[in-house]
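[1] Let me see the structure of the following:
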Amino acid sequence: MNNVSGFLNKLLIIILLAVAIFIIIALPNEITAFTGTTFYVILRFVTTIILPWIALYWFIRLVKAVEKKS
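    A predicted model of the protein is given here:
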């Protein structure tokens, strides 16, 4: 049973990696046909999705540090 579970976990990881690679490669090319170059699509993705999460992470660390001092 353990071998089957390990195989299914590996298969799921391979499928997720294949989907991620497809999204990374194909989706920007589809979007750029309507909105511009791939660089601007990636820049927009980073500034609208990734950077706010990074800012939130550091804000939470700042709040925890202030609370720890007081």
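[2] what residue lies at the spatial centre of the protein?
    residue 50 (7.4 Å; CA atoms, centre = their mean).
[3] what pLDDT does it get?
    Confidence at residue 50, expressed as pLDDT, is 83.
[4] Could you do residue 57 as well?
    Predicted confidence (pLDDT) for residue 57: 90.
[5] Would you mind giving me the confidence score for residue 36?
    60.
[6] let me fix that: residue 64
    89.
[7] Would you check how far apart it and residue 70 are?
    Noted for residue 64: a distance of 11 Å to residue 70, by CB to CB, to the nearest Å. The way it works is simple: take the backbone N, C-alpha and C, and place the C-beta from them, glycine included.
[8] Neighbour count for these two, which is higher?
    Counted by other CB atoms under 10 Å, residue 64 and residue 70 do not tie: residue 64 has more neighbours, with 10 against 4.
[9] name the element the more buried one belongs to?
    In the assignment (DSSP states H and E), residue 64 maps to helix 51-69.
[10] Just the C-alphas of that helix, formatted as CSV.
    What follows is the C-alpha trace of helix 51-69 in CSV, where atoms were taken according to Å, rounded to 0.1, in the frame of the first residue of the first chain:
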residue,chain,number,x,y,z
LEU,A,51,4.7,41.9,-4.3
PRO,A,52,1.6,42.4,-2.1
TRP,A,53,2.2,39.1,-0.4
ILE,A,54,5.8,40.0,0.2
ALA,A,55,4.8,43.3,1.6
LEU,A,56,2.2,41.6,3.8
TYR,A,57,4.8,39.1,5.1
TRP,A,58,7.2,41.9,6.1
PHE,A,59,4.4,44.0,7.7
ILE,A,60,3.4,41.0,9.8
ARG,A,61,7.1,40.5,10.9
LEU,A,62,7.3,44.2,11.8
VAL,A,63,4.1,43.9,13.9
LYS,A,64,5.4,40.8,15.7
ALA,A,65,8.7,42.5,16.4
VAL,A,66,7.0,45.6,17.9
GLU,A,67,4.7,43.4,20.0
LYS,A,68,7.6,41.4,21.3
LYS,A,69,9.4,44.6,22.4
